[in-house]
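*Asks:* Provided below for reference: sequence and predicted model.
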Amino acid sequence: MSQLDDLKNAIKSHLGELECVIGWEQGYDPLHATPLFIRTEADLDRLIIGPLAVHNLATYLPGFKGKKIGVVVKGCDSKSVIQLLNENLINRENVVVFGLCCDGVVSQRKIRAALPADPGFVESVEVGAQDLKISVAGQSATLKLSDVLADKCLVCATPDAIISDVLIGAAHTPAPAASLACQDEFEAKSDAEKLAFWQETMSRCIRCYACRNACPMCVCRDYCIATSRDPLWISQDNSPAENMMFQMVHVSHLAGRCTECGECERACPVDIPLMLLRRWMNKQVKDVFELQAGTALEQTPPLLTFKVEEERINERGW
Ligand code: SF4
Ligand code: SF4
Ligand code: SF4
């Protein structure tokens, strides 16, 4: 039986006890997936998994707090479930986790860049073990999956869900790359070069807040400082400085909480490489607090605790 059939059977056996199960279905064309809220057995016919099922569905869980719900997660998404549990934003007894052993997902940006022209509406996609065959306007192109994998998959140490009630698929032995070339290149820049880079990049930001809204750990909702008028922390002025200020607040708010799921960057409509900031912040947190968000249950995010002296920070030199 296929991994998809195993998943469907597992969901079917829990459906009666759950408000719904969140999975993926085909979106507006065969290349794009969209979240699927499964309430009946008939809905299961639309369920898909695989390299096109990119969304981190854990983002929906806090909105269902208090209801019994199921969610399908890849390894990276399962870290968001753990982090939400650690921050008491969801209750374990109310969530049934259908975990996948994952082979990676695509980056739609890399696919667009690899095709001769923006494909627009794609007619069909054949997903093979090693490649994707995409047909559009009577022409077809075959792309190697390894060339269009999301950056996070290249450095993924947790392809199999690390929390689950049901685990579907064969376990992997991950062999992640040590780092990403784009991150190394960014961090090698001088401070002046980094400033120039962000001034230029942030001039594209349209302050749509898709990065915030797609983030599973961004849960302030009506209290977000980006939208508060009283107090007025950040103006709506759409300048590179104010746009960067919003991102600096976002990344600081996510310090010790960001699971590097990549949803913020994926959701950005103007291709701002937000993960450069998130990865950098996560490195600092790992270095100082020896913590990676979402990798273990019952970890308290460092910025939700207070110690007069942290073991690995010696600010005053005493
Ligand atoms: S980061 Fe890991 S778990 Fe997430 S999609 Fe990529 S390979 Fe799968
Ligand atoms: S998603 Fe992109 S454009 Fe929208 S606010 Fe975030 S950085 Fe700016
Ligand atoms: S900041 Fe970005 S990478 Fe981090 S948890 Fe939120 S969406 Fe995921």
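*Replies:* Received, thanks. Numbers count the residues shown, from 1 in each chain. Ligands and ions are numbered 1, 2, ... in the order given.

*Asks:* so which residue is dead centre in the protein?
*Replies:* residue 261 (2.8 Å; Cα atoms, centre = their mean).

*Asks:* show me the contacts for it.
*Replies:* Residue 261 makes contact with 56, 58, 76, 77, 79, 80, 152, 216 under the criterion Cβ atoms under 8 Å, 6 or more residues apart in numbering. Backbone N, C-alpha and C define where each C-beta goes, glycine included.

*Asks:* surely it is within a strand?
*Replies:* No. Assigned with DSSP: H, G, I helix; E, B strand; the rest coil, residue 261 falls outside any strand and is coil.

*Asks:* picking that back up, by neighbour count, which of the contacts of residue 261 wins?
*Replies:* Using other Cβ atoms under 10 Å as the neighbour test, those are led by residue 58, with 30 neighbours.

*Asks:* contact partners for it?
*Replies:* With Cβ under 8 Å, 6+ apart, residue 58 has these contacts: 71, 73, 77, 78, 80, 81, 84, 216, 261.

*Asks:* ok, so of those, who is nearest residue 116?
*Replies:* Distance to residue 116, by Cβ to Cβ, is smallest for residue 261 among the contacts of residue 58, at 30.7 Å.

*Asks:* ok so, going back, helices - which of the contacts of residue 58 land there?
*Replies:* 77, 78, 80, 81, 84 (DSSP state H).

*Asks:* so the fourth one touches residue 98, yeah?
*Replies:* It stands for residue 81. No. Under the criterion of Cβ atoms under 8 Å, residue 81 is not in contact with residue 98, lying 10.9 Å apart.

*Asks:* who's more crowded, these two?
*Replies:* residue 81 (28 against 24).

*Asks:* look up how far residue 35 lies from residue 168.
*Replies:* As defined by Cβ to Cβ, to the nearest Å, residue 168 lies at a distance of 18 Å from residue 35.

*Asks:* who's more crowded, the two?
*Replies:* Just comparing residue 168 and residue 35: by other Cβ under 10 Å the higher neighbour count belongs to residue 168, 23 against 16.

*Asks:* and that one, what are its phi and psi?
*Replies:* Note on residue 168: its backbone torsions stand at phi -110, psi 130 [degrees, to the nearest 10].

*Asks:* before we move on, the earlier item: which residues do residue 81 and residue 98 both contact?
*Replies:* 71, 73.

*Asks:* let me see the contact set for residue 268.
*Replies:* Contacts of residue 268 (Cβ under 8 Å, 6+ apart): 210, 211, 274.

*Asks:* out of these, who's nearest ligand 1?
*Replies:* residue 274 (16.1 Å; Cβ to the nearest ligand atom).

*Asks:* thought the closest one was touching residue 248?
*Replies:* No. Proximity of residue 274 to residue 248 does not meet the contact threshold set by Cβ under 8 Å, at 11.6 Å.

*Asks:* neighbour count: the two, which is higher?
*Replies:* Remark: of residue 274 and residue 248, residue 274 carries more neighbours, 22 against 14, as counted by other Cβ under 10 Å.

*Asks:* pLDDT at that one, what is it?
*Replies:* We have a pLDDT of 97 for residue 274.

*Asks:* and the gap between it and residue 169?
*Replies:* 30 Å.

*Asks:* output the ones in helices among the contacts of residue 58 as JSON lines; include the columns distance to ligand 1 and pLDDT.
*Replies:* Shown next, in JSON lines, are those (distance: Cβ to the nearest ligand atom, whole Å; pLDDT from 0 to 100):
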{"residue": "77", "distance to ligand 1": "7", "pLDDT": "98"}
{"residue": "78", "distance to ligand 1": "8", "pLDDT": "98"}
{"residue": "80", "distance to ligand 1": "11", "pLDDT": "98"}
{"residue": "81", "distance to ligand 1": "12", "pLDDT": "98"}
{"residue": "84", "distance to ligand 1": "16", "pLDDT": "96"}
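
*Asks:* of all those, which comes closest to ligand 2?
*Replies:* residue 80 (18.1 Å).

*Asks:* which residues does the closest one contact?
*Replies:* 56, 58, 59, 73, 216, 217, 259, 261, 294.

*Asks:* tell me which two of those residues sit farthest apart.
*Replies:* 73 and 217 (14.7 Å).

*Asks:* how close does the spatially closest residue to residue 204 that is not a sequence neighbour sit to residue 207?
*Replies:* Leaving out its chain neighbours, the residue that sits closest to residue 204 by Cβ to Cβ, 6 or more residues apart in numbering is residue 270, at 4.4 Å. Applying Cβ to Cβ, the value for residue 270 to residue 207 is 10 Å.
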